[in-house]
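Student: based on what follows, work out the 3D shape:
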Amino acid sequence: MKDYAERNRALLHFIVLPTILLTVGLLGGLRIDAQTRHFIFIAPPLVTLVLAILLVSLCVRAGAIDLHHWLDIDQPMLTNVSHLLMLVALFFASAQAFNSVLPESGLLHWMFSFFFLWTLWTNQFSIFDPRRLLRSLVVLFGTAFVLKHLVVAGLYAPEGGWLRRLTSTLLQGIAIDVPAFAPATGYISFFALALYVGALLLIPPAPRAMTEIERPALKESTAIGCQ
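Tutor: As a prediction, this is how the structure comes out:
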């Protein structure tokens, strides 16, 4: 039974989690054009990289990630490299999660960016535990998702009706550029955010330095190298 637990833990940590994070990194920048139905990949803007740094820093401060146990000189080099790649994947997945809920350009892009920057910066000076941090991130991304993919997309849709005309009248003279994407873009963004939150739930604060499955493998590779 213990062997199964160790194998499942290793499978989760070294296979499942990186796959989830890489999937978020792909889906976060994916859009579907409303006219041609072609896939469009939008690279993360520079501001999303800044936001990702603030978010990962917040995870470290809250204790959701203990860098001392993730990168330790007493651990094998391959374990440290694996943990480092996991943190890099988390960083880019975080950037793409922000990318999926940020408007692509115009005034709304900078309004959303300021909202994220202000929230994450002020949270740097607040007291968080991992559970409270996760709830805060769910609310943060959930709010941005609803605003972008439901409210803004509905207001500026071609068939927006009287609500769209009213908004255009109220914001007359203000340049707000909202690209037209297919409704499936919202589903992709929702799936990416769900995977991202799931990955945050699965990432352990302090991964074990080496599972009992890895030790025999390391001994065998060492013996082969000595021969």
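
Student: L85 contacts P18, correct?
Tutor: Yes: contact between L85 and P18 holds when scored by Cβ atoms under 8 Å: they sit 7.2 Å apart. No exception for glycine: its C-beta is placed from N, CA and C like everyone else's.

Student: comparing the two, which residue is more hemmed in?
Tutor: P18 (18 against 13; other Cβ atoms under 10 Å).

Student: what's the burial count for the closest residue in space to that one that isn't next to it in sequence?
Tutor: In this structure, P18 finds its nearest non-sequential neighbour in A89, 5.6 Å apart by Cβ to Cβ, 6 or more residues apart in numbering. Other residues near A89 come to 19 when the count uses other Cβ under 10 Å.

Student: which stretches in this structure count as helices?
Tutor: 2-11, 17-27, 46-62, 67-70, 77-101, 106-123, 130-145, 153-155, 161-170, 184-202, 214-226 (DSSP state H).

Student: tell me the pLDDT at the most centrally placed residue in the chain?
Tutor: Residue closest to the mean C-alpha point of the chain, counted by Cα atoms, centre = their mean, is S94 at 2.9 Å. Looking at S94, its pLDDT stands at 95.

Student: distance of it from F141?
Tutor: 10 Å (Cβ to Cβ, to the nearest Å).

Student: list residues touching both of these two?
Tutor: Y196 (Cβ atoms under 8 Å, 6 or more residues apart in numbering).

Student: what's next to stretch 111-130, contact-wise?
Tutor: 47, 50-51, 54-55, 57-58, 61-64, 98, 101-103, 136, 140, 144, 147-148, 205.

Student: redo that, cut-off 6 Å
Tutor: Here stretch 111-130 makes contact (Cβ atoms under 6 Å, 6 or more residues apart in numbering) with 47, 51, 54, 58, 62-64, 102-103.

Student: hang on, the earlier thing: these two touch, right, the residue nearest to P18 and T19?
Tutor: No: A89 is beyond contact range of T19, at 9.5 Å (criterion: Cβ atoms under 6 Å).

Student: sorry, back to before: how about the residue nearest to the centre of the chain, nearest residue that isn't a chain neighbour?
Tutor: S94 sits nearest to A52 (Cβ to Cβ, 6+ apart), 4.0 Å away.

Student: quick check: that neighbour touching F91?
Tutor: Yes: contact status for A52 versus F91: in contact at 5.2 Å, counting by Cβ under 6 Å.

Student: so where's this protein shaky on pLDDT?
Tutor: The model of the chain has pLDDT under 70 over residues 1-3, 154-178, 208-227.
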